[in-house]
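Asks: Model the following, please.
(chains A and B)
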Amino acid sequence: MTAEVYNRETEAAAPDRAVASARPSRVLSSLSGTKGLIVPAVLVAGWSTLSWAGVFAPNLVPGPAAVLAEISSLWASGDLTSHIGVTLTRVFFGFIAGTLAATLLGALTGYSRTARELLDPTLQALKAVPSLAWVPLFILWFGIFEASKVTLIAVGVFFPIYLNLVEGIQGVDRKLVEVARLNRFSRLDLVRRVLLPATLPSYVVGLRAGLALGWMFVIAAELMGASEGLGYLMIDGQMTGRPAVIVASLILFAIAGKLTDALLAGAARPFLAWQDGFGDMKGASHARNR
Amino acid sequence: MLAIDSLAKHFPNGVIALNDVDLAIDQSEIVSLVGTSGCGKSTLLRILSGLESASHGRVAIDGEAVSGPHPEIGMVFQEARLMPWLTVADNVRFALKDEDKATQDRKIADVLAKVGLADFAQAYPRQLSGGMAQRVAIARALVRRPSILLLDEPFSALDSFTRLQLQEHLLELWREERFTMVFVTHDVEEAVALSDRIVVMRGNPGHIHAEFSLDLPRPRKRTDADFQHWKEKITQSLDLS
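Replies: Numbering: from 1, shown residues only, chains lettered A, B, ... in the order given. Below is the predicted model:
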């Protein structure tokens, strides 16, 4: 997992940088949103044309029309809503559980040296276990129903969040901590007013990576044994020889993953608007007060 | 009065950063510590600030021993060290507590006006030039109206024009507030322009090599023969060869 270290020295870095900086206009950001749709649109058009021309065997690669028809019939029967609902619920609870555990342990080992020396080696060792290898044990412990699936997802979510949080706390600029010490901050104030805001960017990176892994693991869990959910739908499509169902599930996974990630990023954005990075220069993100 | 008595600092790796330093600094006096790198001048300043502890000896303000950061002491570093997620006003607020919000707001407005940044209270650090950021750092150090201001090469990262401006500005603030200033610099001209007294330090181990009381009247003109004479004298004492 990559962890970004935010160790910025805004001071003195650019003595003549003027006060006003480029402000992203609404037009520009809405345009960049539209630009993201160009590649999928071209892909769908190409897929459509090739299917229509008969390049693909329809029993292996269904055309967009067949996939769309499959989605709408699943939607009409109400099956789609319940499959998506079940999968979302699993990801949600797994994500919450993984996030809570990672945040508690990460905060502890990031802040306290003793806790780090005590716990971190063990956690790093557990990280080395491929997460899917837990499956037999989880099924043995928690049965074949929801608990084992949610646990597996939580394990997947845990590590990127934990690693990024610890790295974020460790990477907080010592110089800023000294300013807090000079002003005789209590430990609590140091955490609340310096460590927390300084760690937030890498924590959000961890949350987003964790969510992505959550989606990965929900598929794994549902492929291995489930009677509902998008993963089950894929297996069902494979068993009954309906490729349109498989492709439809793939597309729904992509949409769900993208939407939940955008939701998370959007929720975090107001707290990270102060960042001064390369990505902000292109006016992609946020308006400012000046 | 700031009194430093037989101060020493040994680092765990065996390096003796300071050895037997004695110095007494009067209220409202401006003292520069100059010396080549590794002479212990920054370590001395960090001990005065309370960020670093001494191995031997003691520091006292008006006869009272100081250990750890002290409300009567403000400090400015080489970098502005502003919290990038806070506005200028909230960065200055960092130095205030135990006061209600209205009092804080008034003090912040006052000090920002003094450093000429009243219009930038709501700006974020990344929107400031290096000189402006350093002025915010000075405002944060002065907002509590400390009796002692410590500065660790505060202008060394700025361009020479901005540096001149900020030196003059600092003297203006000093004339109004009359705080004691201890100023670490490796710029001899800066030391001569600002100081009542210049303390030359040398390393291995860090110690005070010489002290010079400058009898130059203020405001000082950098082109005057006397000014040049002092510059020459201090530079020689630094033993740069």
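
Asks: Okay, the residue nearest the centre of chain B and residue A:142: tell me how far apart.
Replies: In chain B, the residue lying closest to the centroid (Cα atoms, centre = their mean) is residue B:151, at 1.6 Å. Between residue B:151 and residue A:142 the distance is 62 Å, computed by Cβ to Cβ, to the nearest Å. In this view, the C-beta of every residue, glycine as well, is placed from N, C-alpha and C.

Asks: same question, residue A:240
Replies: Between residue A:240 and residue A:142 the computed distance is 29 Å (Cβ to Cβ).

Asks: More neighbours: those two, which one.
Replies: residue A:142 (15 against 8; other Cβ atoms under 10 Å in any protein chain shown).

Asks: wait, what's in contact with the more buried one?
Replies: A:148, A:151 (Cβ atoms under 8 Å, 6 or more residues apart in numbering or on different chains).

Asks: Pull up the gap between it and residue A:151, please.
Replies: 6 Å.

Asks: Equivalent analysis for residue B:98, please.
Replies: As judged by Cβ to Cβ, residue B:98 and residue A:151 stand 48 Å apart.

Asks: Between those two, which is the more surrounded one?
Replies: Using other Cβ under 10 Å as the criterion, residue B:98 and residue A:151 rank with residue A:151 on top: 23 against 7.

Asks: Next up, identify which helix or strand residue B:57 is on.
Replies: strand B:56-61 (DSSP states H and E).

Asks: distance between the very next helix or strand once past that strand and the chain's centre?
Replies: Remark: after strand B:56-61, the chain's next helix or strand is strand B:64-65, criterion DSSP H and E. Computed by Cα atoms, centre = their mean, to the nearest Å, the separation of strand B:64-65 from the middle of its chain amounts to 20 Å.

Asks: And the next helix or strand past strand B:64-65?
Replies: Per DSSP H and E, the first helix or strand lying C-terminal to strand B:64-65 is strand B:73-76.

Asks: what sits up against that next one?
Replies: Counting by Cβ under 8 Å, 6+ apart, A:182, B:45, B:48-50, B:61, B:66, B:95, B:134, B:137-138, B:140-142, B:144, B:146-152, B:154, B:179 sit against strand B:73-76.

Asks: and that strand, which strands flank it?
Replies: Within its sheet, and counting by DSSP bridges, strand B:73-76 is paired with strand B:148-152 (parallel).

Asks: What about the nearest residue to residue B:62 once chain neighbours are set aside, how many residues nearby?
Replies: Spatial nearest neighbour of residue B:62, excluding adjacent residues (Cβ to Cβ, 6 or more residues apart in numbering or on different chains): residue B:1 at 6.0 Å. By other Cβ under 10 Å, 14 other residues sit near residue B:1.

Asks: Pretty sure residue B:1 sits against residue B:61.
Replies: Yes. Under the criterion of Cβ atoms under 8 Å, residue B:1 makes contact with residue B:61 at 7.5 Å.

Asks: still on that earlier bit, give me the angle between the strand holding residue B:57 and strand B:148-152.
Replies: Here strand B:56-61 points in a direction 130 degrees away from that of strand B:148-152 (axes from the mean of the first three to the mean of the last three Cα atoms, to 10 degrees).

Asks: Distance from strand B:56-61 to the middle of the chain?
Replies: For strand B:56-61, the distance to the chain centre is 18 Å (Cα atoms, centre = their mean).

Asks: Name the residues of it that come out as buried.
Replies: For strand B:56-61, burial by neighbour count (16 or more other Cβ atoms under 10 Å in any protein chain shown) applies to B:57, B:59, B:61.

Asks: What separation is there between the residue nearest to the centre of chain B and residue B:184?
Replies: 7 Å.

Asks: next one: residue B:66
Replies: Distance, residue B:66 to residue B:184, by Cβ to Cβ: 18 Å.

Asks: Local confidence estimate at the residue nearest to residue B:62?
Replies: Listed pLDDT for residue B:1 reads 87.

Asks: repeat for the one 3 residues further on
Replies: pLDDT, the model's per-residue confidence, is 95 for residue B:4.

Asks: Surely it touches residue B:57?
Replies: Yes. At 7.3 Å, residue B:4 and residue B:57 qualify as touching, with contact defined as Cβ under 8 Å.

Asks: which neighbours do those two share?
Replies: Joint contacts of residue B:4 and residue B:57 (Cβ under 8 Å, 6+ apart) are residue B:21.

Asks: residues in contact with the residue nearest to the centre of chain B?
Replies: B:75-76, B:170, B:181-184.

Asks: does residue B:22 sit in a helix or strand, and which one?
Replies: Using DSSP H and E, residue B:22 maps to strand B:16-25.

Asks: Relative to that strand, what are the paired strands and their orientations?
Replies: If you go by DSSP bridges, strand B:16-25 pairs up with strand B:2-10 (antiparallel).

Asks: Restricting to C-alpha, output the strand it pairs with in PDB.
Replies: The C-alpha coordinates for strand B:2-10 follow below in PDB (Å, rounded to 0.1, in the frame of the first residue of the first chain):
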ATOM      1  CA  LEU B   2      17.700  36.900  31.300                       C
ATOM      2  CA  ALA B   3      20.500  35.100  33.000                       C
ATOM      3  CA  ILE B   4      22.500  32.200  31.700                       C
ATOM      4  CA  ASP B   5      24.800  30.500  34.200                       C
ATOM      5  CA  SER B   6      27.500  28.000  33.300                       C
ATOM      6  CA  LEU B   7      25.300  26.300  30.800                       C
ATOM      7  CA  ALA B   8      26.400  23.100  29.100                       C
ATOM      8  CA  LYS B   9      24.800  20.800  26.600                       C
ATOM      9  CA  HIS B  10      26.100  17.300  26.000                       C
END
